[in-house]
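Participant: Sequence first, then the predicted structure:
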Amino acid sequence: MDTSVIFDAGVVGLRILMPLFAIIIVYQCYAAMRRRRRPEKPLVSLYNPRTGGMIPVVFWENSIGRSKSSDIIVNDLAVSRNHCVLLRRSAGWFISDVGSMSGTFVNGVAVHGRAQVLIDDVITIGNTEYRLKRGDDFSSPLRASRFFSKVSDKPAIQAWKLMLMITLFHLFMAVEAMFWNDHTNIYSPLVLFGALAAVEWGFFSVSYFALRRVNFELEALGLFLTGIGVMMLVRQVERSAYVQLIAAAIGIVLFCVIIKFIEDPDRSEKIRIPMMIAAVLMLSASIVLGRVTNGAANWVYIGSISFQPSEFVKTIFIFIGAGALDKLQTKRNLIEFIIFSIVCVGLLALMGDFGTALIFFVTFLLIAFMRSGDFKTVILAVAAAVFGVVIVLTYKPYVADRFKAWRHVWEYANQNEGYQQVRVLTYIASGGLFGVGIGNGYFKQYFASESDLVFGLVAEEMGVIVAIVIALSVALMMLYARAIATRTRSTFYSISSCCAAGLLVVQLSLNIFGATDILPLTGVTFPFISSGGSSIISCWGLLAFIKAADERTYSMKR
């Protein structure tokens, strides 16, 4: 049999195998996130001597008050809706009054700021007294946990095996790219794969041997997606692939730095104001120094290096929006965040980056709801946003022109308004279930195929199955972050993780649905996959917040 026929059959076999391999990798990542967890049990308990009742305390930070959204609800008219916060830190347990009407007392002494509480101390809230007891004193079973928080008896896949599967997947991509239509530089994909594998296994070695982390599933998922984005570039502009890999390495370093920095959740409060100022300055620099690209002045050039400050501000925005529970419940903190959000969204609107402005606004809604638990706040913010959109469309009618082809792109197939999306839909269909192979697609010759429209490129060259799997792997981060929020050490982690995951999912939705004409095209990137150094660095920074929310990150070592 002709050797070329054997090679061709092998490449076709790879195309059929890779979708199944991708499904297995994503499943193993999320399945492992449920395992290697300690059973959930009370940290301490609150004993009411008047009723004889015992309340389990399972969170590191617990709001106490009459509000139904409080972690510990006290049915006492003398207690404020948001009365105080009981929280755990490395030095022990503390209680903090958050502006209640009747005050909070420990052993009869009024609480100002944070006051330490020891076992058997008496906490007085309104007309109600609680005595702090050990967690073991509460013997009743806790209610069942959610999916990812549930402890599984099944062993998790070993981290090195998961990494080996991911490395093999990227190797298969490199082999596919070797047999492309042009037949030139056939070994360059292997060189790029070698560099990618070095970064991946270097990161794994540091985490596993130096930091002795017991869990590497989330990082493995990030490496899986990042590697796909890097290898997709090898047959477009090879230099861009190496730039993307270098940016990913920088993002991984940022990931590690953020996790270390927020190990103490109170540390974030100390640099809150400087971070706000830095974010505003970066967005202002885009307006003053930014070069208009695709209608938005969001790119800043320093020599041959270009970057998007708004991508870095995403991480800062999450950082500012989250915080320790006793800080979040103060009016000053809330007002500061609202003003900061308005300034950020306003500056993005001024530079014409409405896609990123929408992402920031939806993230603001998530943070506002998680901080207050009140739908009224969200409804008021949405009403204000609708008013702002009306103003923009009234005084900047050219913005509306961007949406005139929405849901009618085939009528504008050869015009600027619908040209890109029609090509996306066409080449998604031509790729079929298993794709035409890395480098063999035709969509790569169109503008933004590797960035804003990369979903179409992945679907054409790797198939619709792989494209959907990688989209689901990002979307499931929201479910995972929400599930582990109840086990985190601080409200800072629960809010930051849920909102970071929410931001990634909103960005993913705008990218995919915009490219396929389900939503208007906004020009935002596909997380981890799209070409762009600023984007990949930002994604790894956001992933750090989700990682920090996992209680195993700081409490368990190999």
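Facilitator: That came through, no problem.

Participant: The residue nearest to Met178 when sequence neighbours are not counted: neighbouring residues, count only.
Facilitator: Once flanking residues are discounted, Met178 sits nearest to Ile186: 4.8 Å by Cβ to Cβ, 6 or more residues apart in numbering. For glycine as for every other residue, the C-beta is placed from the backbone atoms N, C-alpha and C. Using other Cβ atoms under 10 Å, Ile186 is surrounded by 12 other residues.

Participant: Surely Ile186 is within a helix?
Facilitator: No. Using DSSP: H, G, I helix; E, B strand; the rest coil, the assignment for Ile186 is coil, not a helix.

Participant: where do the helices sit along the stretch 201-350 of the chain?
Facilitator: 217-231, 238-261, 267-270, 272-289, 309-321, 325-328, 331-350 (DSSP state H, counting those that start in this stretch).

Participant: Ok, the stretch 51-200 of the chain next?
Facilitator: 159-178, 188-205.

Participant: re the thing from before, would you turn the helices of the stretch 201-350 of the chain into JSON lines with distance to Val57, mean pLDDT and mean neighbour count?
Facilitator: JSON lines is the format used below for the helices of the stretch 201-350 of the chain (distance: least, Cβ to Cβ, whole Å; pLDDT from 0 to 100; neighbours: other Cβ atoms under 10 Å):
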{"stretch": "helix 217-231", "distance to Val57": "27", "mean pLDDT": "95", "mean neighbour count": "26"}
{"stretch": "helix 238-261", "distance to Val57": "26", "mean pLDDT": "92", "mean neighbour count": "18"}
{"stretch": "helix 267-270", "distance to Val57": "23", "mean pLDDT": "80", "mean neighbour count": "14"}
{"stretch": "helix 272-289", "distance to Val57": "27", "mean pLDDT": "88", "mean neighbour count": "16"}
{"stretch": "helix 309-321", "distance to Val57": "25", "mean pLDDT": "89", "mean neighbour count": "24"}
{"stretch": "helix 325-328", "distance to Val57": "13", "mean pLDDT": "67", "mean neighbour count": "23"}
{"stretch": "helix 331-350", "distance to Val57": "24", "mean pLDDT": "83", "mean neighbour count": "17"}
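
Participant: Looking at those helices, spot the one closest to Phe434.
Facilitator: Distance to Phe434, taken as Cβ to Cβ, is lowest for helix 217-231 among the helices of the stretch 201-350 of the chain, at 15.4 Å.

Participant: Might you quantify the distance of that closest one from its chain's geometric centre?
Facilitator: Taking Cα atoms, centre = their mean, to the nearest Å, one finds the center of helix 217-231 at 14 Å from the center of the full chain.

Participant: List the contacts of the residue lying closest to Val175 once chain neighbours are set aside.
Facilitator: The spatial neighbour of Val175 that comes closest, neighbours along the chain excluded (Cβ to Cβ, 6+ apart), is Leu14 at 6.5 Å. Counting by Cβ atoms under 8 Å, 6 or more residues apart in numbering, Leu14 makes contact with Phe172, Val175, Glu176.

Participant: Also Trp406?
Facilitator: Asp517, Leu519, Pro520, Leu521.
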